[in-house]
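Q: Please work out how this folds:
(one chain, ligands or ions: 1)
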Amino acid sequence: MSVFDELIGQQRVVELLREAAGGVGMTHAWLFTGPPGSGRSIAARAFAAALQCTSAEPGCGVCPGCHTVLAGTHADVEFVRPQGLSVGVKEARELVARAALAPSGGRWHVMVVEDADRLTEGAANVLLKAIEEPAARTLWLLCVPSAEDLVVTIRSRCRVVALRTPPTDAVAAMLQSRDGVDPTMARFAAQAAAGHVGRARRLATDKAARGPRAAVLAIPSKLSDVGACLAAADELVKAVNAEAAELTTELDEAEAASLKEAFGEGASVTGAGRGQGGAAITRGASRAAASALKELEGRQKSRATRTTRDALDRALTDLAGFYRDVLVLQLNAGVGISSTDREAELRQLAARTTAESSLRRLDAILACRELLDANANPLLAVESLLLQLRAG
Ligand SMILES: [Zn+2]
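A: Sure, this is the predicted structure:
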């Protein structure tokens, strides 16, 4: 057993990180890159654990050092997970201030920044200064989809660890050995998730996760006329919103409740019957509570937008996978299709349409994803996309 076990099909990366944790090629800033689902943050977390490992074999996975890092409770390893659309200057400054502290007991003070591509330009500049003049025992592990997602000034100071899309076979094997999934389902889930390990696991183990995918893959056969396209767009956007709401509502409510507990009732009880001094405290406390609540609402709104956008992007990725399969069949490309559960339908469409039209459809999906990334109205963007998919 080792902290690197979760990294599927990344032997080269594992070797590099093992050596670095042992002291070979150590540096203060690391950049973990790789497509979504390839395991960037898993790799960063495993590396952080190996760096705090107290056994002779770095990353043993069982010593208290490894164990607490993996559980997220090690005092000298901080995980920064931006939940909103961006990380601003204020947050970056706080982060840099905490990072400057010497480790409390471990060898290194490790800051793991997931989704570092969400740093604003100002925040990136704050971080750059910290990386240019690093505290002696502080390490930065930054995770981004690709190195181009970070300003070149930061990028050039980092050692890059590039993860690749794990092969389908490796993902299927992992689902079988670790999650006890039967071989047919493991194969199906690994193919359908196209190298996204977390997604493959959800598809294999959670029946509810297969519903949205099935709904998305049913779209191409529904686009008979303009009215049907608009209806399908409306349905997809509604389903995505519902999926995102389900993911965020519970979290939002828990956060609001704990904020109220910290401020609300406590403040009014203290103020009651204590004369004017007490009343002043109450007014001050309620102002602070109102401002904290407003800040929380802002963060939650940003997270909700992000979650909805991510859910829609997953749906469009599934849709692109469908047309990619059609193209594979049309070109007789000799590679496997991912939606083996829909082979008959794919073959029909492949026979009825041309490879050129499949390419145009894939381009349209890509363009739609870019529009959404640039803040386009989701319903309008999806309507326009489905009309293009119908036209071919
Ligand atoms: Zn260990």
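Q: now the residue lying closest to Met26 once chain neighbours are set aside: how far from the ion?
A: In this structure, Met26 finds its nearest non-sequential neighbour in Ala20, 5.7 Å apart by Cβ to Cβ, 6 or more residues apart in numbering. Using the backbone N, CA and C atoms, a C-beta is placed for each residue, glycine as well. Distance of Ala20 to the ion, given as Cβ to the ion, to the nearest Å: 15 Å.
Q: Just checking, which helix or strand succeeds the helix or strand containing Ala20 along the chain?
A: Following DSSP states H and E, one finds Ala20 within helix 11-21. Following helix 11-21 in sequence order, the next helix or strand is strand 29-33 (DSSP H and E).
Q: Let me know the secondary structure of Asp5.
A: State at Asp5, reduced to three classes by DSSP: H, G, I helix; E, B strand; the rest coil: coil.
Q: For it, give me its contacts.
A: Gly61 (Cβ atoms under 8 Å, 6 or more residues apart in numbering).
Q: Distance from the chain centre to the biggest strand by length in the chain, please.
A: In terms of residue count, the longest strand belonging to the chain (DSSP state E) is strand 138-144. Offset of strand 138-144 from its chain centre (Cα atoms, centre = their mean, to the nearest Å): 16 Å.
Q: quick one: buried residues of that strand?
A: 138-144 (16 or more other Cβ atoms under 10 Å).
Q: same check, this time on stretch 161-175
A: Buried, per 16+ other Cβ under 10 Å, within stretch 161-175: 161-163, 165-166, 168, 170-175.
Q: which ones among the residues you listed are found in helices?
A: Among the buried residues of stretch 161-175, DSSP state H puts 168, 170-175 in helices.
Q: Out of those residues, which comes closest to Gln191?
A: Thr168 (5.6 Å; Cβ to Cβ).
Q: And the residue of the stretch 101-250 of the chain that's closest to the ion?
A: Nearest residue of the stretch 101-250 of the chain to the ion (Cβ to the ion) works out as Gly106 at 11.5 Å.
Q: secondary structure class for that residue?
A: Going by three-state DSSP: Gly106 is coil.
Q: Next: the one 5 residues further on.
A: When the structure is reduced to helix, strand and coil (three-state DSSP), Met111 reads as strand.
Q: Going forward, the N-terminal residue is numbered 57.
A: Got it, first residue is 57 now, which makes that one Met167.
Q: Going toward the C-terminus from the lowest-mean-pLDDT helix or strand in the chain, what's the next helix or strand?
A: Of all helical and strand segments in the chain, the minimum by mean pLDDT, DSSP states H and E falls on helix 320-327, at a mean of 46. Using DSSP H and E, the helix or strand that follows helix 320-327 in sequence is helix 331-387.
Q: Can you tell me which helices and strands that following helix packs against?
A: Under the contact definition 3 or more Cβ pairs under 8 Å, 6 or more residues apart in numbering; DSSP states H and E, helix 331-387 sits against helix 263-273, helix 282-318, helix 320-327, helix 399-408, helix 411-429, helix 434-447.
Q: which of those sits most buried?
A: Each of the helices and strands packed on helix 331-387 was scored by mean neighbour count; the highest is helix 434-447, a mean of 19, by mean count of other Cβ atoms under 10 Å.
Q: Output that helix as CSV, nothing but the C-alphas.
A: Below are the C-alpha coordinates for helix 434-447, written out as CSV (Å, rounded to 0.1, in the frame of the first residue of the first chain):
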residue,chain,number,x,y,z
PRO,A,434,-26.9,28.9,-21.0
LEU,A,435,-30.4,28.5,-22.5
LEU,A,436,-29.6,30.6,-25.6
ALA,A,437,-26.3,28.9,-26.1
VAL,A,438,-27.7,25.4,-25.8
GLU,A,439,-30.7,26.3,-28.1
SER,A,440,-28.3,27.6,-30.7
LEU,A,441,-26.1,24.5,-30.3
LEU,A,442,-29.0,22.0,-30.8
LEU,A,443,-30.2,23.9,-33.9
GLN,A,444,-26.7,23.5,-35.3
LEU,A,445,-26.6,19.8,-34.4
ARG,A,446,-29.9,19.3,-36.2
ALA,A,447,-28.6,21.1,-39.3
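Q: quick one: contacts of that helix?
A: 275-276, 279-282, 285-286, 288-290, 292-293, 296, 364-365, 368, 372, 416-417, 420-421, 424, 427-428.
Q: Is any residue of the one helix or strand Phe103 maps to near the ion?
A: Phe103 is part of helix 96-108, with elements assigned from DSSP H and E. No. For helix 96-108, no contact with the ion is found by Cβ under 5 Å from the ion; the gap never falls below 6.8 Å.
Q: Compute the inter-axis angle for the helix or strand just after that helix and strand 165-169.
A: Counting by DSSP H and E, the next helix or strand C-terminal to helix 96-108 is helix 120-127. Taking axes from the mean of the first three to the mean of the last three Cα atoms, to 10 degrees, one finds helix 120-127 and strand 165-169 inclined to each other by 20 degrees.
Q: Which of the residues in helix 120-127 are classified as buried?
A: Buried, per 16+ other Cβ under 10 Å, within helix 120-127: 121-126.
Q: Poorly predicted segments of the protein, please.
A: The model of the chain has pLDDT under 70 over residues 320-339.
Q: What residues does it have near the ion?
A: So far as Cβ under 5 Å from the ion goes, the chain lies against the ion at 109, 111, 116, 119, 122.
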